[in-house]
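> what follows is a predicted protein model with its sequence.
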Amino acid sequence: MLNKTNSLRAVVCLLLCFFLSGALLAQKRISGKITNANNQPVGGATVQVKGTTVGTVTTNEGTFALNVPAGKDVLVVSFIGFKNKEISIGNQTDISVALEDDVSGLTEVVVTGYSGQQRKNIVGAVSTVKGEQLATVQTGNVEQQFQGRVPGLTVITSGQPGTTSQVRIRGFGSFSGNDPLYVVDGIPTTNIDFLNGNDIESTTVLKDASSASIYGARASAGVILVTTKKGKASGGLKVTYDLSYGFTMPGSGIDLLTPQQQADLTWEALRAANQPLTHPQYGTGATPVLPDYLKVGSENGLSGLSPTDPRLDPAKFNVNFDKGPIYQVIRANKAGTDWYDALTETNPLQNHTLGFRGGSENAKYYAGISYYDEKGTVINTNVQRYTLRLNSEFKVKEKIRFGQNFQFTFRENPNIGFGPGSENAILFALTINPLLPVYDEGGGFAGTTALGFNNSTNTVAQRIRSKGNRGFSSGIFGNIYAEVDVLEHLTFRSSFGGSFGFFQNRFLNYRTYENSENVGSYTFGEGAGNFGGWTWTNTVRYGQVFDKHSVNFIGGIESISDGYFRQLSGQGLNPFTINASYLTITNTDASGRAVNS
């Protein structure tokens, strides 16, 4: 038996050696050295077998070695600042590669301040993002498309569709304000939620004081410069259509305690506080017991009720104040309610942009029409945006140019926080006791009206009731400008632009019956207002190249009128009807009306 075992082991070893030797013979060992144009070694360069994941990184001396799989004959060498290079291996086993400098990125013109500069001449901390990169992520606010695109820039958002994000460049640097200054086509603004990402040509982020100093104190938290698409002297019309369609998914939330675990934890807390072991729902005793019914009429924490018990008679169920006293039967959900799952849902997102671009040497234009629609993961949250972008430039003779950048935007974006007493929906979904169901036995909303669950809110009820809440805004944004070449190297530019917008909202807060702290009246409110501002900029720019040297100068004066804002709002109690089609302040209770401005 021992001899047979030894023989079997020998056969296995021979087979393994055979297969290993075959695999080694199928590979080819390649080594070499990577250098630059001056024959200096390039350390840290990537050497990869084309079409595979096989690769390595060169040493500080620029050397490398790797095994090339059978059937593969091309190496790709890459490193920042150099052009990628492909090498056919053939019969070679030792390869030397000289990389060429890639200066194309250094000659790129980057918008900084009131002019443009070649990247190689910029000494401050500046990052650029192309419009194509932003368009890969579709959101209701273009700020969110910056996330992950610029080193040192963070974007924090609540997840609500279309909401304004918290944008920070290199963290928090002030106790007063840390929002960056936005400049769109030369016009300063406080936010860019009106923009369509598909209309953006490029974005430049000025991250330090030396880069942003030209904008003064308002640029203390950094500057984000946005340049929209312009026409091109292509000699013809180019029509583009961009379509994005997808889904927003809420995920599975987080794991929470089960109803029994929460009851056990309540008992531990009572013991730790030397309090009696008693609870309106869990009873009295050494261990907590989950009831069958959390509330029946005015009674709490009941078990063992017969189906024929008169207290469970459906004829008694009532959650309509107009039909008499509220009477609820709330059955305990011993398996536990997933409130996060009940509050959220998977919804579609779509974006359509139709663009027209073209022109000649004397006239260039770009026009874009877009529609964006996103339904949020939280019930009854959404954003819809319609935009019209018109950019044009004309040349008069050889030394005079004028043009305009114009955008009109209409948005519908009801906010979760509209209305007095509104709270964070997700917060309540994570804090309300899972023993509570979403609905009572009669189809009404269940909640903390059952004693012993503090004052958390049925967040699903809150969001369903908010369906009729609305928030609208519309506005125009843009500028007109003219440029004159006064001398061969001296250009004068004047630009006047700004924004004007209008907004309107309405909300209805319901009278509630399902909570421990209920709202006793219906509250209807609506508001409207407008805002605006303008900027007039005049600059003189001189620029000349002398052989390998250049001289650039810019000076100017700017006048700004910003912060114009006017709002009127009113609220009233117990309107004549809660039908959204007929709700107005005038049909609310006169004694409960309030107007603010």
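Now that the structure is in, tell me what you want to look at.
> so what's the closest residue to Ile89 other than its chain neighbours up against?
Spatially, and ignoring its direct neighbours in sequence, Ile89 is nearest to Asp73 (5.0 Å; C-beta to C-beta, 6 or more residues apart in numbering). Every C-beta, even on glycine, is put in place using the N, C-alpha and C of the backbone. Neighbouring residues of Asp73 by C-beta atoms under 8 Å, 6 or more residues apart in numbering: Ser88, Ile89, Gly90.
> and those, which are buried?
Buried residues within the contacts of Asp73, counting neighbours by 16 or more other C-beta atoms under 10 Å: Ile89.
> sec struct for Pro348, please.
When classified by DSSP: H, G, I helix; E, B strand; the rest coil, Pro348 comes out as strand.
> just to revisit the earlier point, looking at the contacts of Asp73, which are in strands?
Helix and strand membership here follows DSSP state E; of the contacts of Asp73, those in strands are Ser88.
> of the contacts of Asp73, closest to Gln133?
Ser88 (32.5 Å; C-beta to C-beta).
> pairing partners for the closest one in the sheet, please.
Val74 (DSSP bridges).
> could you check the pLDDT of the residue nearest to Ile89?
Each residue has a pLDDT score; the one for Asp73 is 83.
> swap in Lys399?
89.
> I'd say it and Ala482 touch.
No. With contacts counted by C-beta atoms under 8 Å, Lys399 stays clear of Ala482, the gap being 11.3 Å.
> quick one: the strands in the stretch 201-350 of the chain?
All strands of the stretch 201-350 of the chain, identified by DSSP state E, counting those that start in this stretch, fall at 223-228, 238-248, 278-279, 283-284, 293-296, 299-302, 329-331, 347-359.
> as CSV, those with mean neighbour count and mean pLDDT would be great.
CSV is the format used below for the strands of the stretch 201-350 of the chain (neighbours: other C-beta atoms under 10 Å; pLDDT from 0 to 100):
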stretch, mean neighbour count, mean pLDDT
strand 223-228, 23, 90
strand 238-248, 12, 92
strand 278-279, 16, 95
strand 283-284, 13, 94
strand 293-296, 26, 96
strand 299-302, 18, 95
strand 329-331, 21, 97
strand 347-359, 18, 94
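> out of these, flag the one nearest Asn67.
Asn67 lies closest, by C-beta to C-beta, to one member of these: strand 238-248, at 40.8 Å.
> tell me how far the residue nearest the centre of the chain lies from Gly131.
Using C-alpha atoms, centre = their mean, the residue of the chain that lies closest to the mean C-alpha position is Gln144, 3.4 Å off. Distance of Gln144 to Gly131, given as C-beta to C-beta, to the nearest Å: 15 Å.
> same check, this time on Val486
Distance, Val486 to Gly131, by C-beta to C-beta: 33 Å.
> same question, Thr59
In this structure, Thr59 and Gly131 are 39 Å apart, going by C-beta to C-beta.
> looking at those two, which is more packed in?
Set Thr59 next to Gly131 and count neighbours by other C-beta atoms under 10 Å: Gly131 wins out with 18 against 15.
> so which strand or helix has the residue nearest to His352 when sequence neighbours are not counted?
When the adjacent residues along the chain are set aside, His352 lies closest to Tyr371, with 4.9 Å between them (C-beta to C-beta, 6+ apart). Taking DSSP states H and E as the definition, one finds Tyr371 inside strand 363-375.
> circling back to that earlier point, A helix includes the residue nearest to the centre of the chain, no?
Yes. With three-state DSSP as the criterion, Gln144 is located in a helix.
> hang on, isn't it packed against Ser165?
Yes. Checked against C-beta under 8 Å, the pair Gln144 and Ser165 is within contact range at 5.6 Å.
> list residues touching both of those two?
A shared contact of Gln144 and Ser165, defined by C-beta under 8 Å, 6+ apart, is any residue touching both; here these are Val155, Thr157.
> coming back round to it: which one of the strands of the stretch 201-350 of the chain lies nearest to Thr459?
Closest to Thr459 of those, according to C-beta to C-beta: strand 329-331, at 16.4 Å.
> which neighbouring elements make contact with that closest one?
Judged by 3 or more C-beta pairs under 8 Å, 6 or more residues apart in numbering; DSSP states H and E, the packing partners of strand 329-331 are strand 293-296.
> ok, the strand it packs on: who's next to it in the sheet?
strand 299-302 (antiparallel), strand 329-331 (antiparallel).
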